[in-house]
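Visitor: no sequence for this one, just the structure:
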């Protein structure tokens with residue numbers, strides 16, 4: 001099989017009913033569509049088996065998270081390219097072909113993805129927008145402290161897509177796991193996602209590791225999908241916040257030593273942890289003790305899970321030696337124009 005499009009599901013029957021038929025209709029004869037279910041109790045698996053018999057279903061039996069679930073199901077899947085696709089993504093006919101074509105003609109590319117636009121709830125249905133979606137927009141970078149930002153999204157601010165990133169394939173540090181294509185050979189060589197992450201930032205870590213192995217990571221403007229986002233954990237969830245803080249540190253531990261050297265990596269991680277503690281104090285002062293506790297728990301879990309990253313040093317595109325938070329505050333709505341002006345410098 002040329003391509004396997006794999007949807008990892010956990011109790012999202014309503015989203016599968018809304019979006020999976022469109023995904024199935026877009027898959028040609030060289031594409032296998034797979035739904036892996038993480039022990040759902042809402043009838044998700046029964047819906048797929050009864051309504052879309054052409055879809056291969058895999059019952060994982062338990063919730064292994066985004067990282068563990070994909071590691072498990074992709075270990076059972078044979079294809080040249082894997083597409084990881086969220087259950088809350090809506091596609092259009094022809095979305096997949098530009099990704100396959102680019103991978104076929106660019107053997108140095110290990111990961112590619114479409115642009116991600118926001119999908120919004122509109123009564124009982126969903127409405128597509130031309131606004132970049134928070135999770136990945138047009139591909140992303142990280143700043144000197146590991147904070148991710150995107151072409152089209154900085155902190156919580158997003159841009160409208162007016163073609164400003166359509167000049168050609170965008171070489172970036174990472175793309176969103178909501179919809180990304182990976183060479184199966186690279187996936188296996190890197191051991192898939194880091195299972196310690198469970199969920200959140202595992203795709204950034206994976207893309208960074210791919211970059212360190214010399215592979216390109218690209219966002220393709222010729223393909224667009226629409227992402228609802230927030231289907232599993234709400235933005236203000238302490239669990240989600242804790243995963244993001246913990247996994248960001250694990251990601252730095254994995255990759256910074258090979259990017260900037262071991263000594264500087266340790267210094268940056270210590271600085272990042274101080275920034276986190278300042279954020280925890282701010283949550284406490286704002287009367288949000290659960291979020292403060294989530295940050296402190298994230299640091300505790302990081303210390304428990306951490307392991308020494310590799311040594312050496314490699315030049316990796318996409319790591320910006322400035323603080324995105326400070327630049328966003330200083331430049332306000334001009335931040336996107338500023339980042340586009342200097343994009344080739346990081």
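Guide: Sure thing, it's come through. None of these values were measured; they are calculated from a predicted model.

Visitor: nearest spatial neighbour of residue 338, skipping sequence neighbours?
Guide: Excluding the flanking residues, the one nearest residue 338 by C-beta to C-beta, 6 or more residues apart in numbering is residue 331, at 5.3 Å. From N, CA and C alone the C-beta is placed, and that goes for glycine too.

Visitor: and residue 325, how far from residue 282?
Guide: Using C-beta to C-beta, to the nearest Å, residue 325 is found at 12 Å from residue 282.

Visitor: I'd guessed residue 90 sits against residue 119; true?
Guide: Yes - here residue 90 reaches residue 119: they are 5.6 Å apart, a contact under C-beta atoms under 8 Å.

Visitor: circling back to that earlier point, and the residue nearest to residue 338, how many neighbours does it have?
Guide: Look at residue 331: counted by other C-beta atoms under 10 Å, it has 14 neighbours.

Visitor: local confidence estimate at it?
Guide: Looking at residue 331, its pLDDT reads 94.

Visitor: that one contacts residue 325, correct?
Guide: No - in this structure residue 331 lies outside contact range of residue 325 using C-beta under 8 Å: 11.4 Å.

Visitor: would you mark the buried spots in the longest strand along the chain?
Guide: Secondary structure of the chain per DSSP state E: the longest strand is strand 109-122. Applying a neighbour-count criterion of 16 or more other C-beta atoms under 10 Å, one finds 109-119 buried in strand 109-122.

Visitor: with respect to residue 125, which of those is nearest?
Guide: Nearest to residue 125 among the buried residues of strand 109-122 is residue 119, at 10.3 Å by C-beta to C-beta.

Visitor: please tell me how far the closest one sits from residue 91.
Guide: Applying C-beta to C-beta, the value for residue 119 to residue 91 is 11 Å.

Visitor: between these two, which contacts overlap?
Guide: Common contact partners of residue 119 and residue 91 (C-beta atoms under 8 Å, 6 or more residues apart in numbering): residue 226.

Visitor: how far does stretch 11-26 sit from the chain's center?
Guide: Its chain's C-alpha centre and that of stretch 11-26 lie 20 Å apart, by C-alpha atoms, centre = their mean, to the nearest Å.

Visitor: buried stuff in it?
Guide: Residues of stretch 11-26 classed as buried under the neighbour-count rule (16+ other C-beta under 10 Å) are 11-13, 15-16, 18-20, 23-24, 26.

Visitor: from those, which land in helices?
Guide: Counted as lying in helices by DSSP state H, out of these, are 13, 15-16, 18-20, 23-24, 26.

Visitor: tabulate these (TSV), appending pLDDT.
Guide: Shown next, in TSV, are those (pLDDT from 0 to 100):
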residue	pLDDT
13	95
15	96
16	97
18	96
19	97
20	97
23	98
24	97
26	96
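
Visitor: which member of those residues is positioned nearest residue 298?
Guide: Nearest to residue 298 among these, with distances taken as C-beta to C-beta, is residue 15, at 27.8 Å.

Visitor: give the residues shared as contacts by residue 90 and residue 119.
Guide: Residues touching both residue 90 and residue 119 (C-beta under 8 Å, 6+ apart) are 126, 128, 226-228.

Visitor: compare those residues and tell me which is most surrounded.
Guide: Highest neighbour count within the shared contacts of residue 90 and residue 119: residue 226, with 26 neighbours (other C-beta under 10 Å).

Visitor: let me see the mean pLDDT of the helix or strand where that residue lies.
Guide: In this structure, residue 226 sits in strand 216-227 according to DSSP states H and E. Taken as a whole, strand 216-227 has an average pLDDT of 98.

Visitor: run the chain-centre distance for it.
Guide: Put simply, strand 216-227 sits 12 Å off its chain's centre (C-alpha atoms, centre = their mean).

Visitor: elements contacting that strand?
Guide: Identification of packing neighbours for strand 216-227 by 3 or more C-beta pairs under 8 Å, 6 or more residues apart in numbering; DSSP states H and E yields strand 89-90, helix 97-105, strand 109-122, strand 125-132, strand 170-171, helix 202-212.

Visitor: got the confidence number for residue 235?
Guide: Residue 235 carries a pLDDT value of 61.

Visitor: any idea of the pLDDT on residue 262?
Guide: Residue 262 carries a pLDDT value of 88.
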